[in-house]
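Engineer: What would the 3D arrangement of this be:
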Amino acid sequence: MDAIIRPIVRHCIAVAVTAGLLAGCAGGKRKPIASVSKPAAKPSSMPRPPMGATAGMTIPAVGKDGQRITPNRELSEAATLWHVRMALNVAALSCLKQDAARVQYNQFLNAHKTVLAKANKAVDAEYRERLGSKGVDARDRLNTRVYNFFALPPVQERFCDRAIAVGRVVNARKSSELSAYAPEAIVSLEAPFLEFYDAYAVYQVRLAAWRKEGRQELSAR
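Structural biologist: Sure, this is the predicted structure:
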């Protein structure tokens, strides 16, 4: 805010150009203006995680194909449909501000009961064939990873919107059409999380650069 500065001595005002200070005067002569050193540059503020996330998170690595390694990759047809079911289950439990997610999920279970049960049995058979008696435990561990993946707090608002959109589609499809739609559905359901991970990776790079800048400033002093 600009301030009105009144003259200290009548008819005698001197303005200091370099510092913007008012210099006093006496006998018609200006007093010397003391030089003012340039203030040190204000350090940049520390980068913050995106979407209110916590610092120090571990995010999925990027595979050789350039895609993040998530529990929803390299799935069979039956497993893909089952992962869609798990994602919609998470939405039904966590999207409390949007009751549509819960209503849609219950409709989904009732309308497609037979095809979902068939998919569940098929996935069980895949694990038994691959891991034998250890298959049940392995599947339980993967299921936990899937539920945790879709329950990531910072992404829930965007995930809920996406889950409701997918829920409308699956409930409008015939059971015989679900397996064909499931790959598209899982991509749509994963998208908000992948976008978050990409943003978090950018934050990690910026944070590392900020810390490096701080160390360089300290070493230069």
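Engineer: which stretch of helix or strand covers Thr58?
Structural biologist: Secondary structure assignment for Thr58, by DSSP states H and E: no helix or strand.
Engineer: Just give the number of residues close to it.
Structural biologist: 6 (other Cβ atoms under 10 Å). Every C-beta, even on glycine, is put in place using the N, C-alpha and C of the backbone.
Engineer: Not counting its neighbours along the chain, what's nearest Ala61?
Structural biologist: Ile69 (5.4 Å; Cβ to Cβ, 6 or more residues apart in numbering).
Engineer: Quick check: phi and psi on that neighbour?
Structural biologist: In terms of degrees, to the nearest 10, the main-chain angles of Ile69 are phi -80, psi 100.
Engineer: Okay, now the unreliable bits of this protein?
Structural biologist: Scanning the chain for pLDDT under 70 picks out the ranges 1-43, 217, 221.
Engineer: Please enumerate the strands of this structure.
Structural biologist: Counting by DSSP state E, the chain has strands at residues 14-15, 22-23, 25-26, 29-30.
Engineer: before we move on, back to that, ok, now which ones touch the residue nearest to Ala61?
Structural biologist: Ile69 makes contacts with Pro60, Ala61, Val62, Gly63, as judged by Cβ atoms under 8 Å, 6 or more residues apart in numbering.
Engineer: Most neighbours of all those, which one?
Structural biologist: Result: Pro60 is most packed of these (other Cβ under 10 Å), 16 neighbours.
Engineer: nearest spatial neighbour of that one, skipping sequence neighbours?
Structural biologist: Pro60's closest residue in space is Arg68 (Cβ to Cβ, 6+ apart), at 4.3 Å.
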